[in-house]
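1. Sequence first, predicted coordinates after that:
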Amino acid sequence: MVPLVFLLPLAAAALLPALFGARPRLAWYAALAVALATTVAAAVVAGALPAAGELRYAVGGWAAPLGIELRFDRIAAVTVAFGAVTALAITFSRTLTDSVPRPVLFYTLVLVNLGGLNGFALAADLFNLFVFMELLSVSAYALVAATRQPGAALAAIKYLLPGAVSSLLVLFAIGVLFALTGSLNMADVGARLAGVEAPAAVALALGALTVGFLVKAALFPLHFWLPDAHSAAPGPVSALLSALVVKVGVLGLLRTFELFGAAAGPGLLRLETLLTVLGAVAVVAGAVAAVVQHELKRMLAYSTVSNIGYIVLGLGLATTASVAGSIAHVFYHGLTKAGLFLAAAALVDRTGLHDIDDLRGLGHRMPWSATALSAGMIAVAGVPPTAGFVGKWQIALGALEGGRPLPVTVLLVTVVLGGALLALAYGIRVINALFFRAPTHHRVVAAREAPLSMLVPLVVLIGLALSAGLSGAAVIEFVRPVAEAFVGR
Amino acid sequence: MGAELFDLRPALAPLVSAICAGLVMLVGYRPGWRAGLALAAPVLKFGVVWSMLPGALAGTTYRISFGEVLPGLAFAFRVDALGLFFALVSSTLWIAATVYALAYMRGRPGQQRFFGFFALCVSTTVGIAFAENLMTLFVFYELLTVCTYPLLMHDGGLRVRRAGRRYLVYTLSGGALILAGMLLVWHLAGTLSLAGNGILSGVDSRPALLAVFVMLTAGFGVKAAIMPLHAWLPSAMVAPVPVSALLHAVAVVKAGAFGLLRVIYNVFGVDLMRELGYAQVLGAVAGATIILASIVALRQQRLKPLLAWSTISQLSYIVLAASLLTPAAAVAAIIHLANQAFAKITLFFAVGAIERGTGKTRIDELDGIGYRMPLVMGAFTVASLSFIGVPLLAGFITKWYLSLGALEAGAGGYVALLAVSALLNAMYWLPILYRAFFRRPESPAPVRPVSLMMRLPTLVCAIYVVILGIGAEAPAMPFVLAESAVRFAFGMHGVAP
Amino acid sequence: MSIGQWVPLAAILAPLIGAAWIRVAGPGRCAGAAVAIGAVVVAFAGCTLLAFIAGRGASPALALIALVPPIHLTLRVDALGALFGLTVAALYVPATFHAVSWLRDDAYWRLYHTVALACLALMLLVAFAGNLVTLLVGYELFSLVSFLLIVHRRTPDAFRAGIKYLAYVIPGAALTLIGTVIVFFAAGSVGFAPGGLDVPAGSAGMLTVAWVCLVFGFGVKAALFPLHGWIPDAHPAAPAPFSGILSGVMVATGAFAIVRVAYEIFGPVRLEALGVMPWLAIPAALGVVVAGVLAVGEDHLKRRLAWSTISQMGYATLAASLLEPRALAGALVHLANHAFIKGGLFFAVGAVAAVAGIHRVSELPGLSRRMPVTAVVITVLAAALVGLPPLAGFIGKWWLVTGAAEAGAWPVLTVLLLGSVLAALYLWPVVFAAWSAPPELRSGSPVRRDEPWNGMLAAALVTAVLAVVFGVAAAATGYPLGLAVRAAAALAGGS
C-alpha cells in the first residue's frame, strides 16, 4: 500500500497524455480518480499508523541502508491532505480546459506534483528526497506558466530561479553529508553523523539544508519569489502552491532536524533561536504586507508568508505544544489556504478583476464564492474553533511554556495574537469590499456565480477549514509523538 | 447540586435558529418565507430554552460536548443557572425584536441578509450563554461580532462604514485580549471550564493573575462598554433601530457583561477575587462610568445617542454589582441583565416607532407626542421610570439589591453613588416625558399610522418591565434562577441570599 | 385567615379600580363623577371598618407579591395605620365632591379623577404598609403621581411649581431608599414592629446614617423645616380640591412615615440611645416659628395657608420627637384634625377663588356678603386651627401641650404656644377681612349674594362640621382621639 501513495499519481501522469491526449474531459475524470485513489491509499496507511507505529517499506525488496526505503511516519500522514487538496483542485479545474491551452498536460503536471509531494513526504533517503523535490518543483514551475498568459512565464522564471538555487543548496548539503557519512539513508546518516568529527562540515550541511528548505518554504525574508508566483498562477495552481508546495520546505526542515538531532545539539539550539526570530518576524511582516496589498491573490500569498512564519516560529520555540501546533498548522493551513485560493480564483477568474477594490459588491453576485472566501478569511485568522485556531493556540502556548524571560514571552505571545488580529484586519477588508460596498466595476455587475464544479471543492474546503478545528485534539494527539521526538532530541 | 445530564437541547438551542438563519439566506427572497423563518428562529429557540427551565430549577445541569479542539478542551455546551438566565432573557426578547424588525424593515432593501444575520445573532447569543468553557464562549463571542457587523452596516454610507470600522476595531481588539487572557488561563490552570467556581483558585502567581484579570476584563469590557472602552457604542447608533436594540439590550453589550460575570464568578471565583482585591478597581471604574455616562447623556439633543449613553451607564451597574463580590450584589448583577434589557429594548422600540410615525429624532421635537402616540409613549414612560428606579418596576429591584450588596461589601459610598445616578437618570428621562405629555406642539404634524407589529412588542416589553418589578418571586420567573446562580457562585447551599 | 386581612386590600383596590374605569372606559362627566365618588366611599367604608377592627388590636399581616425577595408587599392594620387611613379616606369624600364641582368645565377632569384616586390608593398603601419597603413603594409612587395633579392647570406657574416639587421629592425618595436599604442590611428585616427592630450592637454609626436618610427623605413630604421649599409654590398651583388633599393628608404622610420609622423601625429606646431626636426637634421647632412668621406676612391666601401647614406639621414632628406617649397621641390626633381643618380651609378658599375670583387676603373684604356660608365656614375652621376650645384643633394641642409639660420639655412648650399665637396672628386677618365691609358698599354699588350650592361649598361645610364634632365629642369611639391614644399606647408600650 505504501508505494501506491506516490506511484499511483506518477504512473497515471505518465499514462494520461498517452491515453487521453485528445480528450480533456476524460483526462479530468481520470486525474480526479487517481487523486482520490491516492488520498484513499494514504488515508488507509495513515489509519494503520497508530497501531503500527511507523511503516517502512523497502522498494524492490532491497533492505536499507543500501536499498531505496520508504517510510510512512506520522509526518507523512500529511499526504492525506496533499491528495485530498489535489483532488479538489482538479475538481475545480474542470472548466479550466477553456483557458488552458493544453488541459491534459495541465492535469498531468498536477499529478506529477502530487506524486512529488507524496514521494517527498515518504522518502527515507536523501537522494530520493532530492529527486522528489525536483519533481514537484519542476512541475510547479510548469504549472505557474500553464496559462501562457503574458505575466505567467515571467512569474515562472522568478519562481524557478530561487527554486533552483534552493535545490542546489539542498543537493550540495546532500553531497556533503554523503561525503561525511558515506550513506544516503536518513536514519543511517543520522546515526553516523554522531560519530563524525568535522563540525564545520556538519554545520555547513545543516546550514545549506536549512536555507534551501527555508527558501522553499518562503520564510521571510526568503519569500520574495512567492507573491509573484502565487498570484500569477492559475487559480487551482495557486491553491496547490500556497497550500501544499511551500509546506515541502517545512517538511524538509522537520527531516533536517531529525537528521541532525544526534549530531549537532548546540548548533541546533542556535538554529532554533534563529527560527524563532525569523518566524516571529515573518508572522508580522507577512501580515502587514497582506494588509497593504491591493490584489486579492497577492494578499492571500502574503498571508501564506505570515502563516509559514507561524509554523517556523512553532518549530523554533521547540516545546511539545508548539511543535505539535506547527505540524497541525501545516495540515490546517493547507486546508484553509487551498479553500481561500480556490474561492479567490472563482471570484477573480469569473470577473478577470484582481484588485480588491474592483471586486466591490461582488458578494451579491457570487454569494457562495464570496461567502466562502469571507468565512475562509475568518478561519485563516484563527478564530476558534476554525482550523487556524489550533495551531496558533498551541504555538502561543509554546511561547508561554518556554520559560523565557518575561519580556520575550510577552513579545512572542503578542506576535502570535497580533498576527491573528492583522489577519482579521485584512480579512475584513475583503469582506467589506465584497459585501458592504457598492460595485464600481461593470464586470462585477455582469458577473454570475461560479459553476458547481468550482463551488463544490471550495465549499468543501472552507467547510473543513471552519469545522476541522473541532478535531484539533485528535490531530494534536496524533502528532504529539513527532513533537516529543523533535523536542526530546 | 443536582445531576449533570447529557442532553441535546443545549446544542439544539443555538442550532435551530442557525438553521433558520441559513434557510432565510437561501429562500428568503420570498417575503412570506422570510418572515416565517425569521420568526421561527426565535420562537423555536425560545421553546427549546424554556423547556430546560424546569430541569434547571430542579438543579439539573445539561451538557453536550462536540469534538475536542485541543486535548482536554472540548467544544462543549453546558446549561447552568447563570447561562440559562441569560439565554432566557435574550430568547424572550428576540421574539419581540424580530416581530418589531419585520414591521420596521418593511420595504427596505437587503432584508434577506438582514433577517438572516438577525437570526444568526440569536444563535450566537445562546451559544455564549450555554458555553461550557471559555473557548466555546469566545467562539460565539467573536461570531457575534461577525454576525452583528452586517446588521450594523445595513444602511451603508460613509458614516455607517466609519461606525462599523470603529465597532470592529474595538471589539476585535477586545477579542484579542480575551484570547491572550484565555491562553494565560489555560497555561496557568490547564483548563478553561466554566463549570466550577474558580478555576484559577490554585494559582499563586500574582503578576500572572493580574495579567489575566486585566486582559479578560478589558476584553469583555469593550462590549460591556465600560469607560474608557465605550466609544464604539454611541457611534454604532447609525444602525437601524432593531439593530440598536439588539446591540444594546439583547445581545452585544449583554454578551460583554455576561462574559465579565463568567470571568469573575467562574474563572476567578469569588474567594480568589476577594483575596486579590482587583475587583475594587473594577468597581471604581464602573462607578465612574455610571456617573460620567449619565452626565454625557444629560447633554444629548437626540434620542438615540441619549439611549446609547444611558446604556453605557446602566451596563456599569452590572459590572459594579459583579465587582462587589457579595451575594446580594451578585443577584443585582444577574437580574440587571434582564431588567436593563427589557427596559432598554422598550425604549428603543418606542424611539423607532416615533421615528416611523413622525420622523422625529430630536428630543426638542417631541412636544405633545404623548397624546399622539399614547401607547408607545406609555411604554416609554414605564421603561424610563424603571431606569430611575421607581418601585414596582424592574429597575427598583436592581437598585435595591445593588445597594444592599454595596452595604454588604462595606462600600457604602456606592449606595450614595446609586442615588446620584438615579437623580441623573431622572434629570434626563423626566424632561422627555414632560415634553411628551405636557407640552403642546407648535404645529401638530400628522402622525403616520405605526404598524401594530411595532406597537405590540413595545407594549409587551413594557409590561414585562412591570412584571419583573412586581413578580420577582413568581415561579416561572427567572429570579429564582438568578438566586440559584448566586448560590452556586458563592458556594452556598439552600440559603437565600 | 381573618376577613380583616383582606379589608385593607379591598380599600386600596376600590380607588384603583375606579381610576382604571375612568381612564379606560371613558365615562361621561356624570358617570365619571359617580364612579369617583363611589370608589372613594367604598374606600372610606373599608377604612371605617378597619378602624373598628384595629380597635381590637393589630390585624395579621397579609403578604402579597414579592417586591425584593424575601421582602413582600405586606398589608397590616394597626391603630396608627387605621387612624391615618381613615383620615385620608374621610377627607377624600368631601374632596371628591369638591373636585366634581371644581372640574365642571375642565378638559382634563378624567385625568384628575384617575390620578387622585390612584393617590388615594397609594396613600392607603402607605397607611396599611406592613413593612418599610411597602411603605416606600406607596410613598415614592404617590410622590411621583401627584406631580400630575400639581401641574394640572398646565400654566407656566404650575409647571414651575411641579418641577420644583420633583426637585425636592426625587432626591427625597432616593434618600429614603438608601435609609431603607441600610435598615434591611443592619436588621435583616424591614417589618414594622412596636419597639423597633432587633439590630446587632455596634452599628450605631450606620443606624444614624439610616435615620438621617429616612428623616430627610420623609421630611421632604412632611415639610420639615429646611425641606419645605416646594410647599408654598405647589399649593397655589394645584387645583383647589387637591390643595386640600395636599395640605391635609399628603403632607401628613411624611409625618406619619417619620412616626412609623421612629417607633416601629428604630424604637424609642434606640433613638434615645442614638441621641438623634433633638436634631429632629430643632428643625421642627424652627419650622413652627419661621413658617408662622412668614404666613403672617403673606398676602396670597393659599400661600398663607401653605405656610400655616408647614408650621402645623412642625407641631406634629416636634411632638413626635419627644418620645412621650401623651405627646405622641397629641401629635397623631393633631395630624388627623389638622387634615380636616386645613383641607376644609382649602376647600373654602378654593370655592372663593372659583366663584368670586379672590386669591388674596386683601381682596377678601365683602366676602360675608357675597358668600356668607363660606365666610362662616372659614371662620369656624380658622378658630379650630388656632386651637380655640372646644373645636377640633384644641384637642390635639391640648394633648401636645400637656404631653410636653409632662415630659418637662419647656422649650417645646414655649414653641407650641408661640406657634398658636402665630396661628392666631395669621388667621385673624383672614377672618377679619372676610367679615369687613366690601369696598363696593362704601362706594355705593350693591353686592349680591352669589354663593352657589355646589360640591365645593358642601365639602367645606362638611369639614367645618367635622371640626366642630371632633372637638365637642372628641372622646367618642372611632373618633381620631380614641384611635390616636390607642396607637400611641401601642407604639410606646411596645418599647
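-> Received, thanks.
2. which parts of the stretch 1-150 of chain B sit against chain A?
-> The stretch 1-150 of chain B has residues B:66-75, B:135-136, B:138-139, B:142-143, B:146, B:150 near chain A, with proximity defined as Cβ under 8 Å from any Cβ of the partner chain. Any C-beta I mention is one placed from the backbone N, CA and C, and that applies to glycine too.
3. how does it look with 6 Å?
-> Contacts of the stretch 1-150 of chain B with chain A, taken as Cβ under 6 Å from any Cβ of the partner chain, map to B:66-71, B:75, B:135, B:139, B:142.
4. who in the stretch 201-350 of chain B is up against chain C?
-> The stretch 201-350 of chain B comes close to chain C at no residue, as judged by Cβ under 6 Å from any Cβ.
5. and B:Trp232, how far is that from chain C?
-> Separation of B:Trp232 from chain C (Cβ to the nearest Cβ, to the nearest Å): 31 Å.
6. ditto for B:Leu392
-> Using Cβ to the nearest Cβ, one gets 6 Å for the distance from B:Leu392 to chain C.
7. number of nearby residues for that residue?
-> Residues contacting B:Leu392 under the criterion other Cβ atoms under 10 Å in any protein chain shown number 19.
8. ok, now B:Pro109?
-> B:Pro109: 11 neighbours (other Cβ under 10 Å).
9. Is it correct that it falls within a strand?
-> No: the assignment for B:Pro109 is coil, going by DSSP: H, G, I helix; E, B strand; the rest coil, so no strand is present there.
10. And B:Asn133, its phi and psi?
-> Main-chain dihedrals, B:Asn133, degrees, to the nearest 10: phi -130, psi 170.
11. That one contacts B:Gly190, correct?
-> No: contact criterion Cβ atoms under 6 Å: B:Asn133 and B:Gly190 do not qualify, at 12.0 Å.
12. Same drill for those two, tell me which one is more crowded.
-> When B:Asn133 and B:Gly190 are compared for neighbours, B:Asn133 comes out ahead with 28 against 12, by other Cβ under 10 Å.
13. In stretch B:40-48, which residues are buried?
-> For stretch B:40-48, a neighbour-count test (16 or more other Cβ atoms under 10 Å in any protein chain shown) marks B:40-46, B:48 as buried.
14. Repeat that for stretch B:364-379.
-> If you call a residue buried by 16+ other Cβ under 10 Å, then stretch B:364-379 has these buried ones: B:365-370, B:372-373, B:375-379.
15. returning to that earlier point: are any of the residues of the stretch 1-150 of chain B next to chain A buried, and which?
-> Those of these that meet the buried threshold are B:67-70, B:75, B:135, B:139, B:142, by 16+ other Cβ under 10 Å.
16. count of neighbours near A:Gly261?
-> A:Gly261 - counted by other Cβ under 10 Å - has 17 other residues nearby.
17. Give me the pLDDT value at it.
-> A:Gly261 carries a pLDDT value of 71.
18. A:Asn113 too?
-> pLDDT for A:Asn113: 90.
19. Disregarding residues adjacent in the polypeptide, which is nearest to it?
-> Ranked by Cβ to Cβ, 6 or more residues apart in numbering or on different chains and with sequence neighbours excluded, the top spatial neighbour of A:Asn113 is A:Ser139, at 4.2 Å.
20. Hmm, the one you found is touching A:Tyr107, no?
-> No: A:Ser139 is beyond contact range of A:Tyr107, at 11.3 Å (criterion: Cβ under 6 Å).
21. More neighbours: which of those two?
-> Neighbour count, other Cβ under 10 Å: between A:Ser139 and A:Tyr107, A:Tyr107 has more, with 29 against 23.
22. Can you name the secondary structure element that comes next after the strand or helix carrying the more buried one?
-> Per DSSP states H and E, A:Tyr107 falls inside helix A:103-122. Later in the chain than helix A:103-122, the nearest helix or strand by DSSP H and E is helix A:126-144.
23. Could you tell me the angle between that following helix and helix A:103-122?
-> On the basis of axes from the mean of the first three to the mean of the last three Cα atoms, to 10 degrees, helix A:126-144 is oriented at 150 degrees to helix A:103-122.
24. And the helix or strand just after helix A:126-144, what's buried?
-> Next helix or strand after helix A:126-144 toward the C-terminus (DSSP H and E): helix A:150-181. By neighbour count on 16+ other Cβ under 10 Å, the buried set for helix A:150-181 is A:152, A:155-156, A:158-160, A:162-163, A:166-167, A:169-171, A:173-174, A:176-177, A:180-181.
25. Please tell me how far A:Leu204 sits from chain B.
-> As judged by Cβ to the nearest Cβ, A:Leu204 and chain B stand 39 Å apart.
26. quick one: the strand or helix carrying that residue to chain centroid distance?
-> Using DSSP H and E, A:Leu204 sits within helix A:199-217. Its chain's average C-alpha position is 20 Å from that of helix A:199-217, according to Cα atoms, centre = their mean, to the nearest Å.
27. what packs against it?
-> Applying 3 or more Cβ pairs under 6 Å, 6 or more residues apart in numbering or on different chains; DSSP states H and E, one finds that helix A:199-217 contacts helix A:150-181, helix A:246-260.
28. quick one: the helices in the stretch 301-450 of chain A?
-> Counting by DSSP state H, counting those that start in this stretch, the stretch 301-450 of chain A has these helices, from start to end: A:320-351, A:362-365, A:367-381, A:387-401, A:406-436, A:442-446.
29. Any chance of JSON lines for those, columns mean pLDDT, distance to C:Arg304 and mean neighbour count?
-> JSON lines is the format used below for these (pLDDT from 0 to 100; distance: least, Cβ to Cβ, whole Å; neighbours: other Cβ atoms under 10 Å in any protein chain shown):
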{"stretch": "helix A:320-351", "mean pLDDT": "88", "distance to C:Arg304": "85", "mean neighbour count": "29"}
{"stretch": "helix A:362-365", "mean pLDDT": "83", "distance to C:Arg304": "76", "mean neighbour count": "22"}
{"stretch": "helix A:367-381", "mean pLDDT": "88", "distance to C:Arg304": "76", "mean neighbour count": "25"}
{"stretch": "helix A:387-401", "mean pLDDT": "87", "distance to C:Arg304": "79", "mean neighbour count": "28"}
{"stretch": "helix A:406-436", "mean pLDDT": "87", "distance to C:Arg304": "70", "mean neighbour count": "21"}
{"stretch": "helix A:442-446", "mean pLDDT": "79", "distance to C:Arg304": "82", "mean neighbour count": "14"}
